[in-house]
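>>> The sequence and its predicted three-dimensional model are supplied below.
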Amino acid sequence: MRYISTRGAWANDPQPFRAILLEGLAPDGGLAVPLRYPRFSAAEFEALRPLGYRDLASVVLARFMTDIPEGDLRALVDKTYRKETFGSDDVTPLVTLEPGFSLLRASNGPTLSFKDVAMQLIGNLFEYVLAGERRSLNILGATSGDTGSAAEYAMRGKRGISVFMLSPRGRMSPFQQAQMYALAEPNIHNIAIDGTFDDCQALVKAVAGDTAFKSRWRIGAVNSINWARVAAQVVYYFKGYFAATSNAGEKVAFAVPSGNFGNIFAAWVAREMGVPIGQLILATNENDVLDEFFRTLAYRPRTADETRATSSPSMDISDASNFERYIFDIVGRDPAVVRGLWADVSDRGGFNLAGTAYAERVRASGFVSARSLHADRIATIREIESRYGIIIDPHTADGIKVGRALRASELPLICVETALPTKFAQTIQEALGREPTRPRSFVGIESSPQHVTALPPDAARLKAFIADHALHS
Ligand SMILES: *Cc1c(COP(=O)(O)O)cnc(C)c1O
């Protein structure tokens, strides 16, 4: 399998998986996508039904990572998807709440969000590839919560990798902050910036935009556009489908609370690969750029000022970074059309597919969407707890709210659980009048020693800090 860019780079020289693994954007500013989606015939697909998570992951990932020898990939998968790391051999177990309505629990990894499923694999893949090339990588990122902690827990103690993670000082939940700052591994560097998340992102851009500094210090990224993250997430859509159905060809609906469009995009890829998905139900919170697109076909990214802080904070995005990959598929994988649309985003603030030849393709793609607001979240957390005795987190509540509203009645509904409630205890307190019980490994985490360096929002100071602490070679 080889990779091209959504904006046309590499068209004459498609890249192997290893070449795109460590890169952020393609050189033309586009995103790496496979030349074509690997497709399982109906018979091949059904043959996967009895497989356990690790077997299934090996088969699915092998189609994307053809330049990693099969035995090596198998070893990486076995090392990643262990019961000790994810709580069960199922990794993403399905619980049936009632016939035709189930929860796919993707949040049982070390940092209690679905991001661990991909990030834990990435940690092992990076270490493997860097060791093969005898080189190191200094990962620079910014986080407002879940991504940073998932990346740090995946990279802690890995050979040849160090992490510099910027976070806005004092603006994450106490739990999220403690989770990151508690890490004592010398290759993890928490940097608290006196400023907002946008200031952190601007600093990352400033440092990574200095190409001389970037190559001198081998600066890399693990953001949500990394293709390996998408590929790793595809696996649990296969797994969830098999767990929720018993008949070949039976269709299902997946409901996914969405921000950067990475999780639900993996469901779209699974559908293209042969998973019988009838509906892809996308939920947003008050930050509704994606819902607006699927309702009106107008894509209008918001500015940082227009982005609201909500009680499902991991979906507080203004611009859905993975969305370009979906549009690439919708416009018949024509990079010239994608370049034109994203030129409209820069020049005119967005684009509108209504009335174009692509409108019908969007409709036929199976996506439907709606918003869920704070009051919906609270009501859904209460209702699910009283009916089924399960406490869900605010993001999962958004997905369930919208999933139940939009599902086609004949399709079994599978809602993806994207985090555990203990990460967002304040909202659970508001909904239920009590906090959820914490997994034992996180009890008292706020009082463990904190490892963090405070810096002002100043690119020169940040570069000096990186140069002092980065891995060489
Ligand atoms: C990251 C995240 C999301 C959004 O996922 P995307 O892939 O960005 O659409 C939803 N819920 C939780 C808890 C998250 O951490």
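Happy to help now that I have it.
>>> Name the helix or strand for the closest residue to Ala304 other than its chain neighbours, please.
Spatial nearest neighbour of Ala304, excluding adjacent residues (Cβ to Cβ, 6 or more residues apart in numbering): Asp198 at 4.5 Å. Backbone N, C-alpha and C define where each C-beta goes, glycine included. Per DSSP states H and E, Asp198 falls inside helix 197-208.
>>> So for that helix, what gets flagged as buried?
By neighbour count on 16 or more other Cβ atoms under 10 Å, the buried set for helix 197-208 is 197-204, 206-208.
>>> Just after that helix, pick out the following helix or strand.
helix 211-216.
>>> contacts for that following helix?
Outside helix 211-216, the residues that touch it by Cβ atoms under 8 Å, 6 or more residues apart in numbering are 207-208, 219, 463.
>>> and the two most separated of those?
Farthest-apart pair in the contacts of helix 211-216 is Ala208 and Lys463; separation 10.9 Å (Cβ to Cβ).
>>> on that earlier part again, now, which of the contacts of helix 211-216 sits nearest the ligand?
Taking Cβ to the nearest ligand atom as the measure, Ala208 is the one of the contacts of helix 211-216 closest to the ligand, at 20.1 Å.
>>> mind checking which helix or strand the closest residue to Glu430 other than its chain neighbours is in?
Nearest residue to Glu430, sequence neighbours excluded (Cβ to Cβ, 6+ apart): Ile378, at 6.2 Å. Assessed by DSSP H and E, Ile378 sits inside helix 374-388.
>>> what packs against that helix?
strand 94-98, helix 394-406, helix 425-432 (3 or more Cβ pairs under 8 Å, 6 or more residues apart in numbering; DSSP states H and E).
>>> Give me the helices and strands touching the last one, please.
Helices and strands touching helix 425-432, by 3+ Cβ pairs under 8 Å, 6+ apart, are helix 374-388.
>>> quick one, the helix it packs on and helix 425-432 angle?
Calculated by axes from the mean of the first three to the mean of the last three Cα atoms, to 10 degrees, helix 374-388 forms an angle of 70 degrees with helix 425-432.
>>> follow-up on the earlier one: same list (the buried residues of helix 197-208) but as TSV, adding pLDDT and distance to Ser311.
Output for the buried residues of helix 197-208, formatted as TSV (pLDDT from 0 to 100; distance: Cβ to Cβ, whole Å):
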residue	pLDDT	distance to Ser311
Phe197	82	16
Asp198	81	20
Asp199	87	23
Cys200	91	21
Gln201	85	22
Ala202	87	26
Leu203	93	27
Val204	90	26
Ala206	90	31
Val207	91	32
Ala208	84	31
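>>> Out of the residues you listed, flag the one nearest to the ligand.
Checking the buried residues of helix 197-208 one by one against the ligand (Cβ to the nearest ligand atom), the nearest turns out to be Phe197, at 13.5 Å.
>>> List the residues that contact that closest one.
142-144, 167-168, 171.
>>> what two of these are the furthest from one another?
Farthest pair in the contacts of Phe197 (Cβ to Cβ) is Ala142 and Arg171. Separation: 11.9 Å.
>>> Would you mind finding the most buried of the helices and strands packed on helix 374-388?
Of the helices and strands packed on helix 374-388, the one with the most neighbours on average (mean count of other Cβ atoms under 10 Å) is helix 394-406, at a mean of 27.
>>> what does the following helix or strand past that helix rub up against?
Using DSSP H and E, the helix or strand that follows helix 394-406 towards the C-terminus is strand 413-417. Residues from elsewhere that reach strand 413-417 (Cβ under 8 Å, 6+ apart): 94, 100-107, 114, 240-241, 244, 252-257, 263, 281, 392-393, 396, 399-400, 403-404, 407.
>>> Put the buried members of those into a PyMOL selection.
The command below creates a PyMOL selection of those among those that count as buried (16+ other Cβ under 10 Å):
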select buried, resi 94+100+101+102+103+104+105+106+107+114+240+241+244+252+253+254+255+256+257+263+281+392+393+396+399+400+403+407
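>>> Select from the contacts of strand 413-417 every entry located in strands.
The strands, defined by DSSP state E, take in 94, 101-105, 252-257, 281 from those.
>>> got the residues of the stretch 101-250 of the chain near the ligand?
Contact residues (Cβ under 6 Å from any ligand atom) of the stretch 101-250 of the chain with the ligand: 113, 115, 146, 224.
>>> Tell me what the first one is bridged to.
The reference is to Ser113. Under DSSP bridges, the beta-bridge partners of Ser113 are Ala419.
>>> surely it meets Gln120?
No. Using Cβ atoms under 8 Å, Ser113 is not in contact with Gln120, being 11.6 Å away.
>>> tell me which element Arg36 falls in.
In the assignment (DSSP H and E), Arg36 maps to no helix and no strand.
>>> any idea how far Ala459 is from it?
To Ala459, Arg36 is 41 Å away according to Cβ to Cβ, to the nearest Å.
>>> Give me the more crowded residue out of the two.
Ranked by neighbour count (other Cβ atoms under 10 Å), Arg36 and Ala459 place Ala459 first, with 16 against 11.
>>> Look at the closest residue in space to Ala192 that isn't next to it in sequence and say how many residues are nearby.
Nearest non-adjacent residue to Ala192, counting by Cβ to Cβ, 6+ apart: Arg169, 4.0 Å away. By the measure other Cβ under 10 Å, the count of residues near Arg169 is 20.
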